[in-house]
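Trainee: Sharing a sequence plus its predicted fold:
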There are 2 protein chains.
Amino acid sequence: MIKVLLAEDQGMMRGALALLLDLEEDMQVVAQVAAGDQIVAAALDARPDIALLDIELPGRSGLDAAADLREQLPSCKVLIVTTFGRPGYLRRAMEAGASGFLVKDGPVEDLAAAIRRVLAGERVIDPGLAAAALSAGPNPLTQRERDVLTAAVDGATVADIAGKLHLSQATVRNYLSSAIGKTGTRNRMEAVRAARQNGWL
Amino acid sequence: MIKVLLAEDQGMMRGALALLLDLEEDMQVVAQVAAGDQIVAAALDARPDIALLDIELPGRSGLDAAADLREQLPSCKVLIVTTFGRPGYLRRAMEAGASGFLVKDGPVEDLAAAIRRVLAGERVIDPGLAAAALSAGPNPLTQRERDVLTAAVDGATVADIAGKLHLSQATVRNYLSSAIGKTGTRNRMEAVRAARQNGWL
DNA sequence: GCGGACCGATGACATTTGTCAGGGGGGGAT
DNA sequence: ATCCCCCCCTGACAAATGTCATCGGTCCGC
């Protein structure tokens, strides 16, 4: 019997997937969590064979949790199941030790199939997405550039960001400027968009 | 037997919900579509008793489709099922003639229950959300202000917007300024965020 | 030990953005 | 007929943003 942990914040999605997997003869959902910071604890408690992790979760990113999970419970495989097939996400997932990366766009049947393939030792990755991740190259942004961009997402002014990060306003503008340069965009809003698009935040 | 139409762009979600509803003894999913501009045609073909519509769909908004559907197939009830419980969305859904408004956050069991309640003639709306919609008041933005804000979502400059909307740059800045004023924000990025948050775009 | 990358900062500059006070024209309500 | 709101425009001004050159400090790899 394959024991599955399910981490997904949208209640309806989580419930539907759990129901669906429980219908499979050889699978059983042994834990369900809605927040990223509950994943490791729940896994240590329920000892699943595989963890299905969403990336954008409240509390903690599914990618961060994946890295910890691999370390603290190596017997548990990780399959990332996400809405957004962003190159940077795939890259980070692989670096975190995930065995598979599935986008929620595809048919439901893919899910159970992917679980079985992962447990058979395969790596499950959409070929087109893998190509995109490789062609996009690694994240060109430095830590601080990422910090400043993330702080700028919902319209914060330079003064706001400087305050939040304890930096000089001029420094913030420099980081923004270089982030804009590296993303090949024209202003911070485009830079934020481009960085998110690539999964660089 | 309750005949259901399902409009949802995310393949996995759509498949899971369809499976789940088909498990109900008295329900049957008679049509599934992934794009907003296929809803009416599919409904006219399959003659469902109720249509489950997501709002943010490719091609056409589920809200727009709902209005058409109510007109062309009045026997078919509409239940909006969406990720975002935004006040403006709820308001528009009601104006479009929807019988219910469900957010995807809740448990799956709510879905079948909501369908039955709608078909029994009830209106299904989250009470908290209804209160929020009323307290938020109607959309304060004029048509042009909405146009300009939507054109500004992903970092377009004033010149870009002016070009796209065939307006003078000064006019664009005036609309932006008044939108910023009405939303009580400090710059266009915050204004866009606030407007989206409220479902005003 | 030295080059290179990152962090943090300053000052100056050009450009963009946001605000304000207008004005003309249209259409809908009282 | 008048008022009010929306549309579109102008011009001017202040503030915020983006760019550039430059500096000192740390840490890592060769």
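Mentor: Alright, I've got the coordinates. Numbering: from 1, shown residues only, chains lettered A, B, ... in the order given.
Trainee: Which element, helix or strand, includes residue A:112?
Mentor: Assigned by DSSP states H and E, residue A:112 belongs to helix A:109-119.
Trainee: How about that helix, which residues are buried there?
Mentor: By 16 or more other Cβ atoms under 10 Å in any protein chain shown, the buried positions in helix A:109-119 come out as A:110-112, A:114-118. All C-beta atoms are positioned from the backbone trio N, CA, C, and that covers glycine.
Trainee: Check stretch A:73-91 too.
Mentor: Neighbour-count burial for stretch A:73-91 [16+ other Cβ under 10 Å]: A:73, A:76-83, A:85-91.
Trainee: what's the straight distance from one end of that stretch to the other?
Mentor: End-to-end distance of stretch A:73-91 (Cα to Cα, to the nearest Å): 21 Å.
Trainee: How about that stretch and chain B, any contact?
Mentor: Yes. Remark: stretch A:73-91 sits within contact range of chain B at A:81, A:83, by Cβ under 8 Å from any Cβ of the partner chain.
Trainee: picking up where we left off before, need the contact partners of the helix holding residue A:112.
Mentor: By Cβ atoms under 8 Å, 6 or more residues apart in numbering or on different chains, the list of residues contacting helix A:109-119 from outside reads A:2, A:4, A:17, A:20-21, A:24, A:27, A:49-50, A:52, A:77, A:79, A:81, A:99-100, A:102, A:124, B:12, B:15.
Trainee: Narrow those to those in helices?
Mentor: Using DSSP state H, the subset of these located in helices is A:17, A:20-21, B:12, B:15.
Trainee: where exactly do the helices run in chain A?
Mentor: Under the criterion DSSP H, helices of chain A are mapped to A:11-23, A:39-46, A:62-72, A:87-95, A:109-119, A:127-136, A:143-152, A:158-165, A:169-183, A:188-197.
Trainee: how about the residues of chain A near chain B?
Mentor: With Cβ under 8 Å from any Cβ as the criterion, chain A meets chain B at residues A:10-13, A:15-17, A:19-20, A:23, A:81, A:83, A:104-111, A:154-155, A:157, A:185-193.
Trainee: Could you rerun that using 6 Å?
Mentor: For chain A, the contact set with chain B under Cβ under 6 Å from any Cβ of the partner chain comprises A:10-13, A:15-17, A:19-20, A:104-108, A:154-155, A:187, A:189-190, A:193.
Trainee: of the buried residues of stretch A:73-91, closest to residue B:181?
Mentor: Checking those against residue B:181 with Cβ to Cβ, the nearest one is residue A:83 at 34.4 Å.
Trainee: contacting residues around the nearest residue to that closest one once chain neighbours are set aside?
Mentor: Leaving aside its chain neighbours, residue A:83 sits nearest to residue A:104 (5.1 Å; criterion: Cβ to Cβ, 6 or more residues apart in numbering or on different chains). By Cβ atoms under 6 Å, 6 or more residues apart in numbering or on different chains, the contact set of residue A:104 is A:83, B:10, B:12.
Trainee: Now flag whichever of these is closest to DNA strand D.
Mentor: The closest of the contacts of residue A:104 to DNA strand D turns out to be residue A:83 (Cβ to the nearest atom of the strand; 27.8 Å).
Trainee: separation between the closest one and residue A:54?
Mentor: 8 Å (Cβ to Cβ, to the nearest Å).
Trainee: and residue A:166, how many neighbours does it have?
Mentor: If you count neighbours by other Cβ atoms under 10 Å in any protein chain shown, residue A:166 ends up with 6.
Trainee: Now it: phi and psi?
Mentor: Main-chain torsions, residue A:166, degrees, to the nearest 10: phi 60, psi 50.
Trainee: State the pLDDT value of it.
Mentor: For residue A:166, the pLDDT comes out at 97.
Trainee: cool, and the one 10 residues further on?
Mentor: The pLDDT attached to residue A:176 in the predicted structure is 98.
Trainee: same check, this time on residue A:136
Mentor: pLDDT recorded at residue A:136 is 79.
Trainee: Residue A:57 now?
Mentor: Looking at residue A:57, its pLDDT is 97.
Trainee: can you check residue A:127 too?
Mentor: 89.
Trainee: which residues touch it?
Mentor: The contact partners of residue A:127, by Cβ under 6 Å, 6+ apart, come to none.
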